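Novice: next input, structure requested:
(one chain, ligands or ions: 1)
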Amino acid sequence: MVADRSRRRPTWWPGATGYEVYLRSFADSDGDGVGDLPGLTGRLHHLAELGVDFLWVTPFYGSPMADWGYDVADHCSVDPTFGTLDDFDELVERAHALDLRVVVDLVPNHTSDQHPWFLSARADPEGDHRDRYIWRDPAPDGGPPNNWISHFGGSAWTLDEASGQYHLHLFLPEQPDLNWRHPAVVEEFDRILRFWLERGVDGFRIDMAGTLFKDRDLRSNPQVADWDPAQPIWEQWQAFEHRHDVLQPESLDIFRRWRAIVDDHDGYLMGETFELDPHGMARLLPGDGLHGGFWFAPMHIRWRADAIRRVLVEPTALLGDRLVWATGSHDIARAPTRLGADAAGRQRTLALNVLLAGLPGVLVLYQGEELGLVDGDVPEGAGLDPVGATDGAAGRDGCRTPMPWSQGPANGFTTGAPWLRSAERQPEETAAHQVGRRESWFGHYQRLLAVRRQVPDEPVDWIDGGEGPVVAYRRGVMHVAANTSDEASAIEVDADVTLEFATPGVALGEQALLLPPRAAAIWTTTGDEPA
Ligand code: ISL
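Specialist: Below you'll find the predicted structure:
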């Protein structure tokens, strides 16, 4: 068991940088083609060298893997594919020795349909476990009880022939939604949190934090456009106003309850809060529940200065330290792919990360982002994401391909056959090529994270006047700017400027900083007092 680190350094997360480890694809230690906990432990030095403060590890719990671990059958175990509980303890111990904190995933919206509770609930409609999930009789026409749809497309209800009732699932039918109005569910998650905290974890990323509670009467959502289960998933989602299925205020009581539990262990709670309106985010994060929430809007913008300002300025003012910034994850095409799929896409992603790195809040990099990776190339028909099976374009395989550690077979990820097939990466995309090279993507991100530690805790003052291609702000003596344009631009600076961080080609001119296309810089001005 790992030593208890509680209360050693209270509130460690403000300004922290995290790193999302998509465990299946990070590093495989035993040659079965699937990344595992010992593999991750063996690569912790990569994260320490990059300079992150914590890692968030995607689910490694006992699971039939219908949604690659987000269908949990046993919350307090390690699936044999990923190792053992001893391997987990070893990971935590080694991470802490390197001053890296460990945040694990908590999946409270649903369980696997192979969870003992659901097996019992399905087998015995009169039994104790039935009400821990959400069952309803069919609508009068025999169809689903209401018009809610799954995030993965199609109705959110599946009929259980034996009992004649439907069960609710906001994701796959194999991921039945829990009934958070049942006290046993609430108590079970208290127990799960304590179990992992006692094993030394430093916090939780809460999967689908905004959907725990549903409308008590399960009212249908207002429909705002035509809906057809054959439509792309995102169009299906937008066909409804999601008034009754997500973001119900009762979830806040659960967050407060969890906060009381983690506070005893100096633990951090960051929610997966899919809410694209900053005011809606602020309602989810009143300050006494989750410490922070992922702000997903930057993942859904077109690359234009006004769009970038829109997703940075107001949320920063409203939420500050409660924001969790990220440009990518295991659920969406990698940022360099979305923003250009070439050198320009990588430069834009770095420029965006420079802007995020100076703002209040936590910043999370997705594995491989530090190598400038674009999506992996998965051969036609080799995709394994259940979302891709129903809507090819929405499939999440491209961002989930194995980490390229080195040149050669499977890019050093495994000695076996990788679980997800993809084209080999170029030598210069690998960690072996980039680590230690100042001008590599890894070198840029490493220096950026070092400068991020120096950002003063001062208010954010936007200095770009809200126009033009250069997005810029200052915090005390520290200034941050990114040129969003594909043309060179300049920004006026004082005479006594020290460049703290700059992407290639940035130059100091006569009282101006010259920014090549898509460049970014951070500088301090010595004689300068905050306005
Ligand atoms: O990926 C999406 C659409 O293709 C998102 O809607 C995503 O499903 C949503 O952000 C929730 O994601 C989380 O919960 C899911 C799991 O599949 C994702 O991997 C996880 O990050 C269900 O547990």
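
Novice: all contacts plus neighbour counts: C-alpha atoms, from now on.
Specialist: OK.

Novice: between the two ends of stretch 427-436, how far is it?
Specialist: Between the start and the finish of stretch 427-436 there is a gap of 15 Å, counting by C-alpha to C-alpha, to the nearest Å.

Novice: contacts for it, please.
Specialist: Residues from elsewhere that reach stretch 427-436, judged by C-alpha atoms under 8 Å, 6 or more residues apart in numbering: 371, 372, 373, 404, 405, 406, 407, 411, 440, 441, 442, 443.

Novice: surely the fourth one is within a strand?
Specialist: This points to residue 404. No. Membership of residue 404 in a strand is not supported by DSSP: H, G, I helix; E, B strand; the rest coil, which gives coil.

Novice: sorry, back to before: can I get the contacts of stretch 427-436 in JSON lines with distance to the ligand and neighbour count?
Specialist: What follows is these, written out as JSON lines (distance: C-alpha to the nearest ligand atom, whole Å; neighbours: other C-alpha atoms under 10 Å):
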{"residue": "371", "distance to the ligand": "22", "neighbour count": "24"}
{"residue": "372", "distance to the ligand": "21", "neighbour count": "26"}
{"residue": "373", "distance to the ligand": "19", "neighbour count": "24"}
{"residue": "404", "distance to the ligand": "21", "neighbour count": "27"}
{"residue": "405", "distance to the ligand": "23", "neighbour count": "24"}
{"residue": "406", "distance to the ligand": "27", "neighbour count": "20"}
{"residue": "407", "distance to the ligand": "28", "neighbour count": "19"}
{"residue": "411", "distance to the ligand": "24", "neighbour count": "23"}
{"residue": "440", "distance to the ligand": "29", "neighbour count": "19"}
{"residue": "441", "distance to the ligand": "26", "neighbour count": "24"}
{"residue": "442", "distance to the ligand": "25", "neighbour count": "25"}
{"residue": "443", "distance to the ligand": "28", "neighbour count": "17"}
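
Novice: in TSV, list these along with secondary structure and pLDDT.
Specialist: Formatted as TSV, the contacts of stretch 427-436 follow (DSSP: H, G, I helix; E, B strand; the rest coil; pLDDT from 0 to 100):
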residue	secondary structure	pLDDT
371	helix	98
372	coil	98
373	coil	98
404	coil	98
405	coil	98
406	coil	98
407	coil	96
411	helix	97
440	coil	98
441	helix	98
442	helix	98
443	helix	98
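
Novice: which pair in those spans the largest distance?
Specialist: Pairwise distances among the contacts of stretch 427-436 were taken by C-alpha to C-alpha; the largest, 20.0 Å, belongs to 411 and 443.

Novice: and for the closest residue in space to residue 396 that isn't next to it in sequence, the neighbour number?
Specialist: Counting by C-alpha to C-alpha, 6 or more residues apart in numbering, residue 396 lies nearest to residue 331, which is 5.6 Å off, once chain neighbours are set aside. The burial count assigned to residue 331 is 15, neighbours taken as other C-alpha atoms under 10 Å.

Novice: cool, and the one 4 residues further on?
Specialist: Residues within reach of residue 335, counting by other C-alpha under 10 Å, total 29.

Novice: just the one 3 residues further on next, same as before
Specialist: The burial count assigned to residue 338 is 22, neighbours taken as other C-alpha under 10 Å.

Novice: distance of it relative to the ligand?
Specialist: Distance from residue 338 to the ligand, counting by C-alpha to the nearest ligand atom, to the nearest Å: 15 Å.

Novice: quick one: contacts for that residue?
Specialist: Contacts were defined as C-alpha under 8 Å, 6+ apart; by that measure residue 338 touches residue 345.

Novice: domain parsing for the chain?
Specialist: Domain ranges of the chain: 17-108+183-213+248-452, 116-168, 461-525, per automatic domain parsing.

Novice: mean confidence score for the last one?
Specialist: By that I understand domain 461-525. What domain 461-525 shows for mean pLDDT is 94.

Novice: and that domain, end to end?
Specialist: The separation between the terminal residues of domain 461-525, taken as C-alpha to C-alpha, is 15 Å.

Novice: and for the first one?
Specialist: Start and end residues of domain 17-108+183-213+248-452 are separated by 9 Å (C-alpha to C-alpha).

Novice: do the same with stretch 510-526
Specialist: According to C-alpha to C-alpha, stretch 510-526 extends 17 Å from its N-terminal end residue to its C-terminal end residue.

Novice: same thing with stretch 452-472?
Specialist: According to C-alpha to C-alpha, stretch 452-472 extends 15 Å from its N-terminal end residue to its C-terminal end residue.

Novice: how about stretch 119-139?
Specialist: Terminal residues of stretch 119-139 are spaced 24 Å apart (C-alpha to C-alpha).

Novice: ditto for stretch 362-381
Specialist: Taking C-alpha to C-alpha, stretch 362-381 runs 37 Å from one end to the other.

Novice: what residues of it count as buried?
Specialist: Residues of stretch 362-381 classed as buried under the neighbour-count rule (16 or more other C-alpha atoms under 10 Å) are 362-376, 378.

Novice: the closest residue to the ligand within the stretch 401-531 of the chain - how many residues pack around it?
Specialist: Among the residues of the stretch 401-531 of the chain, residue 401 lies closest to the ligand, at 14.0 Å counting by C-alpha to the nearest ligand atom. The burial count assigned to residue 401 is 24, neighbours taken as other C-alpha under 10 Å.

Novice: just the pLDDT for it.
Specialist: The predicted local distance difference test score for residue 401 is 98.

Novice: dihedrals phi and psi, the residue nearest to it when sequence neighbours are not counted?
Specialist: Leaving out its chain neighbours, the residue that sits closest to residue 401 by C-alpha to C-alpha, 6+ apart is residue 376, at 5.6 Å. Geometry field for residue 376 lists phi and psi as phi -70, psi 160, criterion degrees, to the nearest 10.

Novice: residues contacting residue 376?
Specialist: Contacts for residue 376 were tallied using C-alpha under 8 Å, 6+ apart; they are 398, 399, 400, 401, 422, 423, 425.

Novice: for the nearest residue to the second one once chain neighbours are set aside, what are its contacts?
Specialist: Counting by C-alpha to C-alpha, 6+ apart, the nearest residue to residue 399 once its immediate chain neighbours are dropped is residue 375, at 5.0 Å. Shown here is residue 375, whose contacts under the criterion C-alpha under 8 Å, 6+ apart are 333, 334, 337, 398, 399, 400, 401.

Novice: which parts of the chain sit against the ligand?
Specialist: Counting by C-alpha under 6 Å from any ligand atom, the residues of the chain close to the ligand are 67, 70, 151, 171, 207, 208, 331, 394.
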